[in-house]
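can you look at this prediction? I've put the sequence above it.
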Amino acid sequence: MRLLKFSVAMLLTTVCCFTEAQVSKGDLAPAVEKLGSEISNLRDHASRGDAMAEYQLGRLYLSGTGVSFDYAEAAKYLGLAAEQGLTEAEMVMGYLYEKGKGVPRDDRRAFEYYAAAAKQGDLTAANNVAAMYESGRGTHKDVRQAVDWYRRAAEGRHVVAQCNLGTLYFRGRGVAQNYAQAAEWFRKAAENGYAPGQQLVAWMYFRGKGVPQDYAMTAHWLRLAAQSDPRAQMDLGSLYEQGKGVPLDYVTAYMWYETAESGGDRRARGELKRLSRLMTEQQINRASAAASELSNSLRKGKVVEEPQSIEDAFIPDLGARDR
């Protein structure tokens, strides 16, 4: 459920991709030649201390675009750019030190780089600084500082920070416990399209924590989260099985359980086995066909994310939902 991603500065568009027409015709030589020329140009600028060129070269080594994939070379160029105070480079260097990629793993250095980027306004870095204050990784533990940094990022519409800040309000850590504030921050992340936020606000409606208990609203937010999250798919299936906020419908419940199973949720197998005892073979076949179609459509819509950080951050499981 926990997710972070760092901001990606613009790379030269000429080194990012080849056109579909070039690939289909096999006419890649001109594009490859241009790519090599652009990389040579970047090297020239980097050798003269151009921070953005150093950063872009580092990112190319991270992706293996036009050069061999190499964390050490990436760290070398990104470190040079970070030394000049380039925010994007500071953010990525924090990630590399946190994960130990191309450099020795070092939480203290990771914190220093994240803090430098955060002070220049990078919202993900601010969230990461907060997470490290919350856990005491790379710095002293200070939950009040965590609240302050989460709030900075959350007010900038950083969805992970919004969920993390909501979690502190939910648990009463560093702030007075306030379920209404927790629900409000979860809702902000949910409205910004963040699936974990959608799942968390659904849970609040299901339990009536900070908001009136409302199964229809639970179903609304789970339906959105279920487009990408197998856990939300399980919960949505449970609502259909119980008829809470949605019509009682074993076929639809089975469809969502099977979709969750194909997405990797191990709980689904037991739910499917139990529910199948209440269904006819025809109903199970209909549900399985619908699940197969749904899984394929969801798979096509998946987006590959950038590398994440802070060990996936600190968005918690606030408690098991009733089944």
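That came through fine.

care to break the protein down by domain?
The chain breaks down by automatic domain parsing into domains covering 1-93, 238-300.

mean pLDDT lowest for which of those?
Comparing mean pLDDT across these, the weakest is domain 1-93, with a mean of 73.

same for whichever strand or helix holds Ala117, what does it pack against?
Here Ala117, judged by DSSP states H and E, is contained in helix 107-119. With contacts taken as 3 or more Cβ pairs under 8 Å, 6 or more residues apart in numbering; DSSP states H and E, helix 107-119 sits against helix 87-99, helix 123-135. No exception for glycine: its C-beta is placed from N, CA and C like everyone else's.

comparing those, which comes out most buried?
Of all the helices and strands packed on helix 107-119, helix 123-135 has the most neighbours on average by mean count of other Cβ atoms under 10 Å, namely a mean of 27.

so for that one, mean pLDDT?
In this model, helix 123-135 has a mean pLDDT of 96.

return it as PDB; C-alpha atoms alone will do.
What follows is helix 123-135, C-alpha atoms only, in PDB (Å, rounded to 0.1, in the frame of the first residue of the first chain):
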ATOM      1  CA  LEU A 123       7.700  17.400  -2.200                       C
ATOM      2  CA  THR A 124       8.800  13.800  -2.300                       C
ATOM      3  CA  ALA A 125      12.000  14.600  -0.600                       C
ATOM      4  CA  ALA A 126      10.000  16.400   2.100                       C
ATOM      5  CA  ASN A 127       7.800  13.300   2.600                       C
ATOM      6  CA  ASN A 128      11.000  11.200   2.800                       C
ATOM      7  CA  VAL A 129      12.500  13.500   5.400                       C
ATOM      8  CA  ALA A 130       9.300  13.200   7.400                       C
ATOM      9  CA  ALA A 131       9.400   9.400   7.100                       C
ATOM     10  CA  MET A 132      13.000   9.300   8.400                       C
ATOM     11  CA  TYR A 133      12.200  11.500  11.300                       C
ATOM     12  CA  GLU A 134       9.200   9.300  12.100                       C
ATOM     13  CA  SER A 135      11.200   6.100  12.200                       C
END
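
what's the first helix or strand after that helix?
helix 143-155.

so that following helix versus helix 107-119, what angle?
Going by axes from the mean of the first three to the mean of the last three Cα atoms, to 10 degrees, helix 143-155 is angled at 40 degrees with respect to helix 107-119.

circling back to that earlier point, wait, which of the helices and strands packed on helix 107-119 is closest to Asp249?
Smallest distance to Asp249 across the helices and strands packed on helix 107-119 (Cβ to Cβ): 39.1 Å, for helix 123-135.
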